[in-house]
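A.B. asks: using only what follows, build the 3D model:
(one chain, ligands or ions: 2)
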Amino acid sequence: MAKYGFIGTGNMAQAMIKGLLAQGVVPSDIAVASPTTAAKLAQAWGVQALSAQQVIQASDLTVLAFLPNQLADVTANLVFEDQLVVSVLAGVSVDQLVTATGSHQVVRTLPNVNVAINQGVTAFATTTLTVANQAIFHDFSTQLGTAIAVPEAQFAAFSAIAGSGPAYVFKFIAALAKAGVANGLADDLATTIATQTVLGSAQMLAASGQSAQVMQDTVASPGGSTRAGLDDFDQQGFDAVVAHAIRATVEHKHA
Ligand SMILES: NC(=O)C1=CN([C@@H]2O[C@H](COP(=O)(O)OP(=O)(O)OC[C@H]3O[C@@H](n4cnc5c(N)ncnc54)[C@H](O)[C@@H]3O)[C@@H](O)[C@H]2O)C=CC1
Ligand SMILES: O=C(O)[C@@H]1CCC=N1
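C.D. replies: Ligands and ions are numbered 1, 2, ... in the order given. Purely as a prediction, here's the structure:
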């Protein structure tokens, strides 16, 4: 089994580690380095807490999982040689990764938090990897969900829809639940039914082979309450609100 390392152990690294452990990766095959939470993770999950340089040396694949603007500082005194480096740093290009690490075995990825339940959607772009490293990255990424090769020019759009997308879906669920409470439902019940409705609807859409537009019509009975609600969404400019927020996400400069 390949050994995996993480430099940085925040929300994204923890989501990835959870996903790997759920797939049966042995905790001792995962090494982590962080100035803050590595020791706690070692205690909670049985992974190894090491220095960043030790993580690189102990791993077949090292994930960079700190914030994008920390790239130069964190990598300044690290030696990667030609180790396989997988970055999750939003907005950081393959060229920037090669320059910062000195490695020519580099994968730029953009995952989402659903990797924690092995249902992530991850974009990737790579340097020319050795056949062995292609296999290591393929095993690593497919354990976490779906991995899609995406041109670097499209990473910002991918990040807005897939990377940030879970937050926007959570926001919609929170708004649905809040509206349910405003209309008389208990808080917990409103959250449970909003969550289950979004979960079931996504599965229903995926199974249907139909467009999301057509599926709206299967819910809206002629002259019924759903049509009244859909018309109100349109009058309030719902699609324009979503498009505006996605544009703000795409245009954000990370580092
Ligand atoms: N949270 C998400 O859903 C996604 C995050 N990302 C990327 O993941 C990366 C991490 O983001 P989050 O986990 O959300 O942030 P976070 O704030 O939860 O984690 C950042 C982590 O950086 C680490 N860190 C700080 N200083 C360090 C140092 N000197 N050396 C080593 N590690 C250090 C710490 O472990 C800290 O927990 C970012 O580059 C972000 O762009 C990418 C896609 C989705
Ligand atoms: O918020 C961020 O910057 C990262 C990128 C996509 C999701 N989280």
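
A.B. asks: only C-alpha atoms from now on, for both contacts and neighbour counts.
C.D. replies: OK.

A.B. asks: near A2, how many other residues are there?
C.D. replies: Around A2 there are 13 other residues, counting by other CA atoms under 10 Å.

A.B. asks: who touches it in this structure?
C.D. replies: When contacts are counted by CA atoms under 8 Å, 6 or more residues apart in numbering, A2 touches 29, 59-61, 136.

A.B. asks: 7 Å instead?
C.D. replies: By CA atoms under 7 Å, 6 or more residues apart in numbering, A2 lies in contact with 60, 136.

A.B. asks: which bits of the stretch 101-250 of the chain sit near ligand 2?
C.D. replies: Taking CA under 6 Å from any ligand atom as the contact definition, the stretch 101-250 of the chain meets ligand 2 at 159, 163-164.

A.B. asks: name the nearest of these relative to ligand 1.
C.D. replies: Of all these, G163 has the smallest distance to ligand 1: 4.7 Å, by CA to the nearest ligand atom.

A.B. asks: near that closest one, how many other residues are there?
C.D. replies: Neighbours of G163 (other CA under 10 Å): 23.

A.B. asks: contacts only, for the residue nearest to it when sequence neighbours are not counted.
C.D. replies: Spatial nearest neighbour of G163, excluding adjacent residues (CA to CA, 6 or more residues apart in numbering): N112 at 4.6 Å. By CA under 7 Å, 6+ apart, N112 lies in contact with 120-122, 162-163.

A.B. asks: and what of T101?
C.D. replies: Contacts of T101 (CA under 7 Å, 6+ apart): 75, 80.

A.B. asks: roughly how far is the top helix by length along the chain from the heart of the chain?
C.D. replies: The residue-count maximum for a helix in the chain (DSSP state H) belongs to helix 187-208. Remark: helix 187-208 is offset 20 Å from the chain centroid, using CA atoms, centre = their mean, to the nearest Å.

A.B. asks: over to stretch 169-180?
C.D. replies: Relative to its chain's centre, stretch 169-180 lies at 21 Å (CA atoms, centre = their mean).

A.B. asks: the spatially closest residue to A15 that is not a sequence neighbour: what secondary structure?
C.D. replies: Excluding its sequence neighbours, the residue lying closest to A15 (CA to CA, 6+ apart) is A116, at 4.3 Å. Look at A116: counting by DSSP: H, G, I helix; E, B strand; the rest coil, its state is helix.

A.B. asks: ok, back up a step: quick one: the contacts of N112 as TSV, columns for pLDDT, secondary structure and distance to ligand 1 too.
C.D. replies: Shown next, in TSV, are these (pLDDT from 0 to 100; DSSP: H, G, I helix; E, B strand; the rest coil; distance: CA to the nearest ligand atom, whole Å):
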residue	pLDDT	secondary structure	distance to ligand 1
G120	98	strand	10
V121	98	strand	10
T122	98	strand	9
A162	98	helix	8
G163	98	helix	5
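
A.B. asks: who wins on neighbours among these?
C.D. replies: Most crowded among the contacts of N112, counting by other CA under 10 Å, is T122 at 26 neighbours.

A.B. asks: OK, contacts around it?
C.D. replies: Counting by CA under 7 Å, 6+ apart, T122 touches 109-112, 146-148.

A.B. asks: now do the strands in the stretch 1-150 of the chain.
C.D. replies: For the stretch 1-150 of the chain, the strands defined by DSSP state E, counting those that start in this stretch cover 4-7, 30-33, 48-49, 61-64, 84-87, 106-110, 120-126, 145-149.
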